[in-house]
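*Asks:* What shape does this take:
(one chain, ligands or ions: 2)
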Amino acid sequence: MPHFLYIKTVGCQMNVLDSEMVVASLRGRDYELVDDPRNADTILLNTCSVRQHAEDKIYSILGRLRRYKQKGPRKIIGVLGCMAQKDQQLIFERAPHVDLVVGPGQLQQIADLIEKARSGAGRQMGLSLGRRDGPAREIRRSHETFDPLRDSAMRPTPFQAYLRIQIGCDKFCTYCVVPTTRGPEQGRSPEEIVAEARILADQGCKEITLLGQTVNSYKYASGGKTTRLADLLYALDGIDGVERLKFVTNYPKDMNADLLEAARDLPKCSSYLHVPLQSGSNRILRHMKRGYTVEDYREMMCRVREMLPGAAVSSDFIVGFCGETEDEFQQSVEMVRECRFKNSFIFKYSERPGTKAADLFPDDVPDDVKRRRNNELLALQAAIGEEDNRRFIRSTVEVLVEGPSKKAGKQGSEGDTLQLTGRTICDRIVVFDGTRRQIGEIVPVTIRDCTAHTLIGEVVAERDGPDLFSIETPALRRQCEESRL
Ligand code: 5AD
Ligand code: SF4
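*Replies:* Ligands and ions are numbered 1, 2, ... in the order given. Presented below is the predicted three-dimensional model:
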């Protein structure tokens, strides 16, 4: 008898990838995926701990699931991911109907743990070691993931995939739970990464996004040789079938020349750089223990602009961090104005128990002030996004078509025209009218209009003409210029 699995994933791309792995291992044990928890005998929540709000949402879903469990006591309910690793036993205390709690480093055990819980062995836990709970090697091993096991049905689309090149984080920013929940930074071996990329390419993946908490800090030492992110990009660029390579998230201090050169020289490599600044104030950056100053960041931006004209840089900001004054917040505003990010993810500071910031600094910026700062920064970023998008009007960009836009929904049969959405190599969202047959293709689109977050265009039949010029990456620009000669 097959089992029916419902899985809900919240949080970052790492979690999306983890869920892919969980589904693959359960499919191997005769589980079928369903999209309504009412039809499932196994309900898994893959969770995030980065902000309190994300946790509150999970506890509220768990509250609602209590009824499911009362009606069907044989249903298995599991909490996976960062919240599982962080709250551990507390989850059973707050939600006694939960059967298993499994951290991100122990997901390879999931099928066995579910089976044990189902066969009446009681509550199950699969957790990695804490950062001080043993010898370094054992701690590292307890956080290792099992990526080659994955399931394409969970991917954002059949032709796009995430590929983890690094696990964990050693930066220990004072506000952040990730170094605790995902453990020490570890690079995966280049051989494993390249092999996995080949499999993805064989499965039809055109775009691979390399994942790491600080992806550009990636290093792997073996046999007297150290492989870095740039080396990986050179190796992956040669794989047939792969047409785009992206990588997130970058750490400002590790944005080295070799990486920028790779992004400049490799035709498949994106010049989309997500490099979170977090704050425009040196005092706040120091308290966050980010390891760089505003001047360092500025210097990095100059190098990026020089080496990669047309690069799309995006950032994260935390507003209302402990003790942030109005003046300090205005320094973040100034940096958004100066750096002209493609987009910024802006978060209100959320105190996380167990972090250095929670121990050292009071969370003393009132919530309404955080909210106002958040809105102010968002509004400025949106205005900049729109201004920058205007530059694309009348130019042509290459778009990997992801599917129908939200507006188009599920309507339309094979031959009908409907609104499609996709992304340029620099992660800009483009909508245009097309047909379902174009989904998964890379098509040239001439931009006619825009909003702050979206370019609006139409597909062009021919790849030449006076207004056709893809301006996004140096390598694409070169190709374009050469083809005109
Ligand atoms: N509060 C608010 N935002 C946070 N982030 C990480 N920890 C916190 C926190 N405690 C944000 C950072 C990071 C992004 C993934 O989440 O901006 O870059
Ligand atoms: Fe968290 Fe800082 Fe590591 Fe990013 S670099 S995951 S913010 S500790």
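
*Asks:* Pull up the residues of the stretch 301-450 of the chain that are close to ligand 1.
*Replies:* Asp316, Ile318, Phe347, Tyr349, Ser350, Arg352 (CB under 6 Å from any ligand atom). From N, CA and C alone the C-beta is placed, and that goes for glycine too.

*Asks:* and the third one, what element?
*Replies:* Read it as Phe347. strand 344-348 (DSSP states H and E).

*Asks:* returning to that earlier point: could you turn the buried ones of the residues of the stretch 301-450 of the chain next to ligand 1 into a ChimeraX selection?
*Replies:* Buried residues within those, by 16 or more other CB atoms under 10 Å, are selected in ChimeraX with:
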select :318,347,349,350,352
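
*Asks:* quick one: which two of the residues of the stretch 301-450 of the chain next to ligand 1 are the most distant?
*Replies:* Asp316 and Arg352 (15.5 Å; CB to CB).

*Asks:* Go back to the residues of the stretch 301-450 of the chain next to ligand 1 and keep what's next to ligand 2.
*Replies:* Within these, nothing lies near ligand 2 by CB under 6 Å from any ligand atom.

*Asks:* Tabulate the residues of the stretch 301-450 of the chain next to ligand 1 (TSV), appending pLDDT and distance to Tyr292.
*Replies:* Converted to TSV, these look like this (pLDDT from 0 to 100; distance: CB to CB, whole Å):
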residue	pLDDT	distance to Tyr292
Asp316	98	14
Ile318	98	15
Phe347	98	19
Tyr349	98	19
Ser350	98	22
Arg352	97	22
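
*Asks:* Leu273 is in contact with Asp427, correct?
*Replies:* No. Using CB atoms under 8 Å, Asp427 is not in contact with Leu273, being 9.6 Å away.

*Asks:* low-confidence ranges in this protein?
*Replies:* Applying pLDDT under 70 to the chain flags the ranges 146-149, 409-415, 462-471, 476-485.

*Asks:* can you rerun that using 80?
*Replies:* 145-154, 156, 408-415, 461-485 (pLDDT under 80).

*Asks:* For whichever strand or helix holds Asp112, buried residues please.
*Replies:* Per DSSP H and E: Asp112 is located in helix 110-118. Using 16+ other CB under 10 Å as the burial criterion, the residues of helix 110-118 that qualify are Ile110, Ala111, Leu113, Ile114, Lys116, Ala117, Arg118.

*Asks:* Residues in contact with that helix: which ones?
*Replies:* With contact meaning CB atoms under 8 Å, 6 or more residues apart in numbering, helix 110-118 is reached by 22, 25-26, 28-29, 42, 44, 74, 76, 78, 80, 99-100, 102, 123-126.

*Asks:* In strands only, show me the residues you listed.
*Replies:* Under the assignment DSSP state E, the contacts of helix 110-118 contribute Thr42, Leu44, Ile76, Gly78, Leu80, Leu100, Val102, Gln124, Met125, Gly126 to strands.

*Asks:* For ligand 1, state which of these is nearest.
*Replies:* Leu80 (18.8 Å; CB to the nearest ligand atom).

*Asks:* My guess is the closest one contacts Ile43. True?
*Replies:* No. Leu80 is beyond contact range of Ile43, at 10.9 Å (criterion: CB under 8 Å).

*Asks:* need the next SSE after the strand or helix carrying Ser19, C-terminal direction.
*Replies:* Assigned by DSSP H and E, Ser19 belongs to helix 13-27. On the C-terminal side of helix 13-27, the closest following helix or strand by DSSP H and E is strand 31-33.

*Asks:* In the sheet, which strands lie alongside that following strand, parallel or antiparallel?
*Replies:* Pairing partners of strand 31-33, with direction, according to DSSP bridges: strand 3-9 (parallel).

*Asks:* what residues does the partner strand touch?
*Replies:* 15-16, 18-19, 22-23, 26, 29-37, 39-46, 61.

*Asks:* Hey, what's the angle from it to helix 13-27? Just curious.
*Replies:* Strand 3-9 and helix 13-27 are oriented at 180 degrees to each other (axes from the mean of the first three to the mean of the last three CA atoms, to 10 degrees).

*Asks:* Could you export strand 3-9 as CSV, CA atoms only?
*Replies:* In CSV, the C-alpha atoms belonging to strand 3-9 read as follows (Å, rounded to 0.1, in the frame of the first residue of the first chain):
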residue,chain,number,x,y,z
HIS,A,3,1.7,6.2,1.5
PHE,A,4,0.6,9.7,0.8
LEU,A,5,2.9,12.5,1.6
TYR,A,6,2.2,16.2,2.0
ILE,A,7,5.2,18.5,2.5
LYS,A,8,5.2,22.2,3.1
THR,A,9,8.4,24.1,2.6
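
*Asks:* Report the buried residues of it.
*Replies:* So for strand 3-9, counting by 16+ other CB under 10 Å, buried means His3, Phe4, Leu5, Tyr6, Ile7, Thr9.

*Asks:* From the chain's centroid, how far away is that strand?
*Replies:* 21 Å (CA atoms, centre = their mean, to the nearest Å).

*Asks:* which residues touch the one helix or strand Thr227 maps to?
*Replies:* Assessed by DSSP H and E, Thr227 sits inside strand 225-228. Strand 225-228 is contacted by residues Gly187, Pro190, Tyr218, Lys219, Tyr220, Ala221, Asn256, Asp258, Leu259 when judged by CB under 8 Å, 6+ apart.

*Asks:* If we use 6 Å, what do you get?
*Replies:* Pro190, Lys219, Tyr220 (CB atoms under 6 Å, 6 or more residues apart in numbering).

*Asks:* is it fair to say the last one lies in a strand?
*Replies:* Yes. Tyr220 sits within a strand when classified using DSSP: H, G, I helix; E, B strand; the rest coil.

*Asks:* Distance check, the closest residue to it other than its chain neighbours against Arg132.
*Replies:* In this structure, Tyr220 finds its nearest non-sequential neighbour in Gly187, 4.0 Å apart by CB to CB, 6 or more residues apart in numbering. Computed as CB to CB, to the nearest Å, the Gly187 to Arg132 distance reads 22 Å.

*Asks:* And Phe317, by the same measure?
*Replies:* Distance from Phe317 to Arg132, by CB to CB: 31 Å.

*Asks:* ok, which pair from the buried residues of strand 3-9 is furthest apart?
*Replies:* Between all members of those, the farthest pair (by CB to CB) comes out as His3 and Thr9, at 18.6 Å.

*Asks:* OK, contacts around the one residue in the stretch 351-485 of the chain that gets nearest to ligand 1?
*Replies:* Of all residues in the stretch 351-485 of the chain, Arg352 sits closest to ligand 1, at 4.7 Å by CB to the nearest ligand atom. Contacts here follow CB under 6 Å, 6+ apart; on that basis Arg352 touches Val177, Ala358.
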